[in-house]
Every structure is written in C-alpha cells, then in structure tokens.
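Student: Predicted model and sequence below, questions to follow.
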Number of protein chains: 2
Amino acid sequence: MRILVVEDDPDLRRQLDRALTEAGYAVDLAGNGEDGQFLGETEPYDAVVLDLGLPKVDGVTVLKAWREAGLVFPVIILTARGRWSEKVEGFDAGADDYLTKPFHTEELLARMRALLRRATGHATSAIECGDLRVDTRAARATVAGEPIRLTSHEYKVLAYLMHHRGRVVPRTELVEHIYDQDFDRDSNTIEVFIGRLRRKIGQDRIMTERGLGYRLVDPAESPAQ
Amino acid sequence: MRILVVEDDPDLRRQLDRALTEAGYAVDLAGNGEDGQFLGETEPYDAVVLDLGLPKVDGVTVLKAWREAGLVFPVIILTARGRWSEKVEGFDAGADDYLTKPFHTEELLARMRALLRRATGHATSAIECGDLRVDTRAARATVAGEPIRLTSHEYKVLAYLMHHRGRVVPRTELVEHIYDQDFDRDSNTIEVFIGRLRRKIGQDRIMTERGLGYRLVDPAESPAQ
DNA sequence: ACATGACATTCAGACGGCATTCAGGGCGGT
DNA sequence: ACCGCCCTGAATGCCGTCTGAATGTCATGT
C-alpha cells in the first residue's frame, strides 16, 4: 500500500513518515500543496493524508482538484483544533475521514486501516482467501492457522495481492505500490518475491497470467484454472 | 507504563510524581487543565490521574473533551471530600475510578495497578508468560520461580512487553511508554535493554520482528516460528 | 519442432537493521 | 564527598534481507 502525505510542518511530516513506514506502507512526502497535488495526480496512491492548512495552495483546493480530475483514492484530512468550517469544507470537497491536530499516531493508523479496508471492500482487519489469512493490523500471515514468517517486502506483496484477490495484478502495479518514488527497479525483484511467497504459502495460490500479471486464488475454490 | 498527572496543587503534584515514579511508571505532570488536555491528546498514556478541581479549564471538561476525541486511556479522578456531585459528573464524563482527597498513596497505587490490569485484560496483579512471571505489585520478576534482578528500566521494558505479550511492539512505542516527555532517544538504548533482558530471562523469549519491533512469546508454546 | 519471449530459479554481493560491547557520566546511597 | 550502580550513546561486527544478473524452464506463435 502506497500513501502520500501532504504536510508543511517538517516535524509532523517526519512523524507521519515514520509511523506509516513502520506500519509497512510505502510513503511519499510533499511539503506544500503544489507538489502534493502533482504527486497525487501522477502516482497511483492507495490513500492520502492531507493537511488542510497549507501555505500557497491550500488543502481544500488540492482535494477539489483531485476529485474533479476523477481521482478516487481515500483521503484523510488533518485540521487544526476548532477549525470547524475547514472540516466541513474538507468533507464537501470529498474527504473520507478527518483527524484534528494533535492526534495519536495510533489513531491515524487505525483510521488508515479502516479506510483501506473500506476502499477495498473488506470488513475486518484480517483478509482471508481460503485458509490463507493476513492480519493487516499485526502484519502477520497464517496458512491453515500456522503462522508464516514473511520478510517486510514479501508481506507487502502478499498484502497487496490479498486486497485485490481474484483480480489480475500487473507486475508494474505491484512495483508501484510496494516501492515509493525512487524505484528504478528494472530488475526482476518481483518475480523473486513471488517465488519466495509461493514457497512459503504454497505453489497453487498465486497464478501467473502470462503477459498480464499475477492473480491470487483460493486453491480449494478453483481447482482447475 | 506512562502516566499523566493533572493536578494544580504543587505539593500534591510532587507527591503523586514521586509515588508513581518510585512505583516504576514514567510520569508527566500538568499543572492546569489546558496543559493537561493538550498532553492527553498528544502523548500515548497508559493511564491518567486527573484532579477535578482545577482552575481555568476544570477536570470534567477536560475528561469530556478527551472522551469525545475517542481517547480511551483509563482515568482516575481526584475529588475533594464530600463533593458528591463532582464525582457523579466525573463518572458520567467517562472516569474509570475515583479517589477522595486526602488519600493514601498506597491506595492510589493499588487502584492504578487494578486499572492497568483491567485495561490490558489481565485478571491478577501477576502477569505470566510460560514460566516467566512479573508481579506488577512488587515490581519483581521470576523465571521458573527463581527471582530475577532487574534494573528499573529493564523492568519497565519487560512489564510493557508482558502487558502486550504476543503482539509486535514497535521500538518507538516502547520508547514512548517507558520514558516521559523529554525523550530524544535517537540512540539504541532500547536494543541495549532488550539485550540485557534476554541475558537475564533467556534468549528465546523476546523475538525480533525485523523492521517491525519486538514480541514476547512463551517459548514452550510456539517452538517453531 | 523451433524460435522467441516471458517467467522461474538460483546465487553472490551489497546493504541495512540489529546485537553486542564498552567507556564516560549521572545519580543515589553511604 | 566518595563509591558503586545504572543509564546512555558510540563503535563495531553480525546476520538477515534485498537486489541484480545468470541460468533454466515453459508457453506461445510460426
């Protein structure tokens, strides 16, 4: 999952970066509305954290522009305490959730999880596919109840496939959502991770759609494919 | 465990600080409702001691604001003797326990332990994990009945991990709950404490989840991982 | 069947996070 | 004021993970 943070305060920006990175997201940062808007329009984010009180181009303007451009990623807006009008404006502009500063990073993470779940249509913090189960909260995976040891990148790949299970996910999409901006990954790292994942969760779970990408399936459900 | 004390009387504040610090908690102090509310919203406390009779912004108002903001840490309110209405107001506002002034620090500590136990879902004052046992009442630990000598910070780390055993605890979370406000700990003190703890309680009890944090496990329960 | 391209697998080196050790300094106890 | 314990932060080394390239395998179209 790849997240854009638009926040002008350097301290808060760093704090958000750390919290989200630790939680296993790929994070891009923007320090003002202009950069933020550009990144949002350019890169395929899964969610955005947007401060409304930005210098130059303010948050509401950015958000409106995104929505008018047809971008649908979930957006959490940050508002200063007591700025009621801002908050209302933000919702009208198309925000999905809000947090008033100051806030606990834990609360941000909880809301982020909820939003991503909603956006991908899952009810709980655990996603299942057959007897394969990924707990996005604890960042752990189990097969038939047995816990699986995954490295952080393996986990990211699996989590993304789980969020989009059943669908064919192109390799480029995986790369874009697992790495942040500076990926020149012209190599075959994704194939390597897919290989390792298959060894850990079973060979028949990740189908290769030749020329298209990968698809996560429940082996019990679709034996022949 | 990190605790916030909101109390305007300097003497009582100092007394509370000393008692709680001696008991092994990390303590932050606020002398009025405004500062108290801000800290409560900003820092991740495990519990709060809140005097209701505060100047300027009074305690009930602060507590209400916290609860409305979705903060769930347990709160012990302090009321002057005979102020029944205050007490009721406090409970309505979301208090978990109360003490009438004057009180014995012993009683405060006992209630604090009870509250923290309840909050983290443990029945007794002793938490166990395999043959490792931590008595939060006496602030002592034993392995297979043998008492372990722990320094205060070692104990704090272990106690926090025990309260959250089985879960992955990020290093930053440990830092935030073990130190009070003035932590710029950009160093590796946590790794050092983890290392010392492992030497004292056994190497296989604190698992490292690379890139995520530490997890306390019962070695007998999950042999392969 | 063959050529071609796409994907799988394996591996070594680079990298970074974590463990360990140690000396200096602060703090409390005597 | 002295002593000892503990905390802290830096230095060092280790080990798991990531990465990119080389090689092997398979599917597809001709």
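Tutor: Good, I have the coordinates.

Student: So which bits of the lengthiest helix in chain A are buried?
Tutor: When chain A is parsed with DSSP state H, its longest helix is helix A:105-120. Using 16 or more other C-beta atoms under 10 Å in any protein chain shown as the test for burial, helix A:105-120 gives A:105, A:108-109, A:111-113, A:115-117, A:119-120. All C-beta spots, glycine's among them, are computed from the backbone N, C-alpha and C.

Student: Next: stretch A:160-171.
Tutor: Neighbour-count burial for stretch A:160-171, counted by 16+ other C-beta under 10 Å, picks out A:160-165, A:169, A:171.

Student: and those, which of them are in helices?
Tutor: Using DSSP H to define helices, the subset of the buried residues of stretch A:160-171 located there is A:160-163, A:171.

Student: State the next helix or strand along the chain beyond the helix or strand bottoming out on mean pLDDT in chain A.
Tutor: Among the helices and strands of chain A, helix A:84-93 carries the lowest confidence by mean pLDDT, DSSP states H and E, at a mean of 77. Next in sequence after helix A:84-93, counting helices and strands by DSSP states H and E, comes strand A:97-101.

Student: just to revisit the earlier point, going by distance to residue A:13, which of the buried residues of stretch A:160-171 wins?
Tutor: Lowest distance from residue A:13 to these (C-beta to C-beta) belongs to residue A:160, with 24.8 Å.

Student: So the closest one is in contact with residue A:177, correct?
Tutor: Yes - Residue A:160 is within contact range of residue A:177, at 5.4 Å (criterion: C-beta atoms under 8 Å).

Student: got any residues that touch both of the two?
Tutor: residue A:1 (C-beta atoms under 8 Å, 6 or more residues apart in numbering or on different chains).

Student: counting contacts, what elements does the least confident helix or strand of chain A pack onto?
Tutor: With contacts defined as 3 or more C-beta pairs under 8 Å, 6 or more residues apart in numbering or on different chains; DSSP states H and E, the packing partners of helix A:84-93 are helix A:59-68, strand A:75-80, strand A:97-101.

Student: Mind putting the buried residues of helix A:105-120 into TSV with pLDDT?
Tutor: Formatted as TSV, the buried residues of helix A:105-120 follow (pLDDT from 0 to 100):
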residue	pLDDT
A:105	79
A:108	86
A:109	86
A:111	84
A:112	88
A:113	85
A:115	83
A:116	85
A:117	80
A:119	77
A:120	77
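
Student: Show me the subset of those that also lies near DNA strand C.
Tutor: By C-beta under 7 Å from any atom of the strand, no member of the buried residues of helix A:105-120 lies near DNA strand C.

Student: Can you lay out those residues as CSV showing distance to DNA strand D?
Tutor: CSV is the format used below for those (distance: C-beta to the nearest atom of the strand, whole Å):
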residue, distance to DNA strand D
A:105, 21
A:108, 24
A:109, 20
A:111, 26
A:112, 21
A:113, 21
A:115, 25
A:116, 20
A:117, 24
A:119, 25
A:120, 22
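
Student: Which one of those residues is nearest to residue A:54?
Tutor: residue A:108 (17.9 Å).

Student: Give the full set of residues in contact with residue A:44.
Tutor: Counting by C-beta under 8 Å, 6+ apart, residue A:44 touches A:2, A:173, A:176-177.

Student: separation between residue A:72 and residue A:47?
Tutor: 11 Å (C-beta to C-beta, to the nearest Å).

Student: Ok, residue A:149 next?
Tutor: 27 Å.

Student: before we move on, what about residue A:136?
Tutor: From residue A:136 to residue A:47 the distance is 13 Å (C-beta to C-beta).

Student: nearest to residue A:93, of the buried residues of stretch A:160-171?
Tutor: residue A:163 (25.9 Å).

Student: Once you drop chain neighbours, what's closest to that closest one?
Tutor: With C-beta to C-beta, 6 or more residues apart in numbering or on different chains as the criterion, residue A:163 has its nearest non-adjacent residue at 4.5 Å, and that residue is residue A:120.

Student: now do residue A:169
Tutor: residue A:213 (4.9 Å).

Student: tally of neighbours for that neighbour?
Tutor: By other C-beta atoms under 10 Å in any protein chain shown, 18 other residues sit near residue A:213.

Student: Many thanks, I have nothing further to ask.
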